[in-house]
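Colleague: Fold the following for me, if possible:
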Amino acid sequence: MSTNTNPWSVSRCKRVVRPLVARIHSLTDTVVKNPSLLHISSTPTSNTGINILAGMVKPATAAARLQALQPFVSPELYSYLLDIFHIFKSIVTSLETGSNPAPFIDPLGSKCSYEIGKAMVLSTRASYYKLNNSILFDPKSLPESTRKYHHSLSSDIDPWLQLQPSSIFEPLRLDILRGYLLHVIVFNSPRLLYLLVPTLIHWLYEESIVMGSSRLKSMSNKLFYEFWHFDSANYYDNIGDKAVKQLSRIDGDSNDLFWWLNSIGYWDNMISSIGMTSSQIGHNQYEVLILDTLILNNKLMDGGDDSEVYALLRRNSTHLQVNNILITMLTRLIKQSSYNPNQLNETYYGFLRLIQSWLAFGSETPGLFNSLQTGNDAMFKGVISFSRYLHKSLSKSDDLTKLLILLFHYYTNRQPGIQLIGLDAHHRVLLKTLRMIQMEELKKFIPLKYSNYEISSFIYWLLDNKLGKFASAVFYDYYGQFSKYYDDDLRHIHRLIKKA
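Modeller: Purely as a prediction, here's the structure:
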């Protein structure tokens, strides 16, 4: 466990971190008065734009990473970011020199310290721009809707630095302060400090190598994890995203910045050069980490190229977020159809691409469907319902709707005793999963009878997707074994099945 035999006094701890909080509030005040300060120019203000972009994507040092931002931001914002960078370095250095060497860091003690640090940030008035101003001026100046937070939150961080029993928490005081420091940065990362956080992560990584400090490496990893997996829907605990935005006076997110930085290779280079990893395996760590973060903070709702996302999913088809990402993309299409009814044709073709990627409809590439993933039932219900809506609105997705319903219906409403013989392991698991899906909500969508055309279309789709055993079972289930009753079309399908 990282400890210190002579822990800093509470007043010293507050004195060390106060400049950081004050400078962040000063930046907030400036942005509130001039919101355009956070505008980022994606076009470098120089004739040597290519070299500037390369310097931003592949900086040699943390200082160079920050300096590379200069052509893209206003001089005033850059000055603030530079000041906060230097204050952060000063605090970390003070904490490092004030601690005993720690060749081994207790994972549980470290995790607890970081969580206490997060609680310190969220539960203290000084973290919130509006409440901090009320401390300096008159609490009664607050609107009634936010006044309750003034009374429910702590006036300062003192109680957290004086936790009992002191024999346990005093030796951890500097670790708790490190947790507080990192979460002050994370708390302000969605808008104010988004461009600065990669520099802080990079600097901690550099210093961990220079000083041979596992503690600094742990801080670098923790800051990256919290920044990369930040989700406003969960981070703020009981306070809530809406209240935090109201109290902090900085609304919005940085999803546009995320996608722009991704498009120029910024994240790819940063992840590989600093050696950040995910708990999951995949094509490479950059791609796995991108998939880790896509469903957080509405990133997919606000941007992202469909083709690029589907390609990422195909290369990392075992990633645990595959279905969540597909559901989010379906939600985006539904939202798009609601907000832009005049662009339903575009929505329809986007929907086709989604279905092609998931179930391989009309596609030669393997589908993403995995019976072991959670969320298959939600996907089936969503795509069938939306397909019916598009058919009603456009009268052009009828075949797709029938195929989806028939696929769903066939595996969930088979006659008792009918077995599919000779299925390989993957298809058996697929069959089991589809049978488990509840049908109550879909009964109103499912017709009692299907025409030969609909069943034939379904069988052709199975054959096109190399599911000959399924196609054979469906064919004999509906048409029986006696070929003398087949018409010309059925005889043609029968010949295809025998060749499959």
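
Colleague: Show me the chain divided up by domain.
Modeller: 10-39+74-252, 253-304, 309-448 (automatic domain parsing).

Colleague: I'd like the mean pLDDT over the second one, please.
Modeller: Per-residue pLDDT values over domain 253-304 give a mean of 88.

Colleague: so where's this structure uncertain?
Modeller: Filtered on pLDDT under 70, the chain yields the residue ranges 1-6, 43-50, 98-107, 129-155, 236-253, 361-364, 371, 395-454, 465, 482-486.

Colleague: about what we covered before: same list, the domains of the chain, but as JSON lines with distance to residue 456 please.
Modeller: (C-beta placed from N, C-alpha, C; glycine too.) JSON lines is the format used below for the domains of the chain (distance: least, CB to CB, whole Å):
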{"stretch": "domain 10-39+74-252", "distance to residue 456": "46"}
{"stretch": "domain 253-304", "distance to residue 456": "37"}
{"stretch": "domain 309-448", "distance to residue 456": "11"}
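
Colleague: want to try TSV for those domains, with distance to residue 492 and mean neighbour count as columns?
Modeller: Output for these, formatted as TSV (distance: least, CB to CB, whole Å; neighbours: other CB atoms under 10 Å):
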stretch	distance to residue 492	mean neighbour count
domain 10-39+74-252	53	17
domain 253-304	41	17
domain 309-448	19	16
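
Colleague: Isn't residue 113 up against residue 182?
Modeller: No: the criterion here is CB atoms under 8 Å, and residue 113 misses it with residue 182 at 10.0 Å.

Colleague: In this protein, mark out all the strands, start to finish.
Modeller: Taking DSSP state E as the criterion, the chain carries no strands.

Colleague: wait, what's in contact with residue 111?
Modeller: Taking CB atoms under 8 Å, 6 or more residues apart in numbering as the contact definition, residue 111 lies against nothing.

Colleague: Excluding residues flanking it in the chain, which one is nearest residue 328?
Modeller: residue 300 (4.7 Å; CB to CB, 6 or more residues apart in numbering).

Colleague: Then residue 337?
Modeller: Closest residue in space to residue 337, ignoring its immediate chain neighbours: residue 347 at 4.7 Å, by CB to CB, 6+ apart.

Colleague: Quick one: residues contacting residue 78.
Modeller: 69, 70.

Colleague: May I have the phi/psi pair for residue 165?
Modeller: Phi and psi for residue 165, reported as degrees, to the nearest 10, are phi -80, psi 140.

Colleague: Residue 217 and residue 205 touch, don't they?
Modeller: Yes: counting by CB under 8 Å, residue 217 touches residue 205, with 6.9 Å between them.

Colleague: quick one on the thing from earlier: what about the residue nearest to residue 328, distance to residue 88?
Modeller: 31 Å (CB to CB, to the nearest Å).

Colleague: Same question for residue 223.
Modeller: In terms of CB to CB, residue 223 sits 10 Å off from residue 88.

Colleague: what is in contact with those two at once?
Modeller: Common neighbours of residue 223 and residue 88 (CB under 8 Å, 6+ apart) are 185, 200.

Colleague: returning to that earlier point: ok, the residue nearest to residue 328 touching residue 332?
Modeller: Yes: with contact defined as CB under 8 Å, residue 300 counts as touching residue 332 (6.2 Å).

Colleague: which residues sit in contact with residue 81?
Modeller: Residue 81 neighbours (CB under 8 Å, 6+ apart): 66, 69, 73, 193, 195, 196, 199.

Colleague: now residue 221
Modeller: residue 276.

Colleague: same thing with the one 3 residues further on?
Modeller: Residues counted as contacts of residue 224 (CB under 8 Å, 6+ apart) are 201, 274, 276.

Colleague: And residue 383, by the same measure?
Modeller: 330, 351, 354, 355, 358, 404.

Colleague: Among the residues you listed, name the ones in helices.
Modeller: The helices, defined by DSSP state H, take in 330, 351, 354, 355, 358, 404 from those.

Colleague: Find the residue closest to the first one in space, skipping its chain neighbours.
Modeller: Looking back up the chat, that one is residue 330. With sequence-adjacent residues excluded and distances taken as CB to CB, 6+ apart, residue 330 is closest to residue 382, at 5.2 Å.

Colleague: Repeat that for the fifth one.
Modeller: The spatial neighbour of residue 358 that comes closest, neighbours along the chain excluded (CB to CB, 6+ apart), is residue 368 at 5.2 Å.

Colleague: Settle this for me: that neighbour is touching residue 317, isn't it.
Modeller: Yes: with contact defined as CB under 8 Å, residue 368 and residue 317 form a contacting pair (5.7 Å).

Colleague: how about residue 59, phi and psi?
Modeller: Dihedral angles (degrees, to the nearest 10) for residue 59: phi -70, psi 150.
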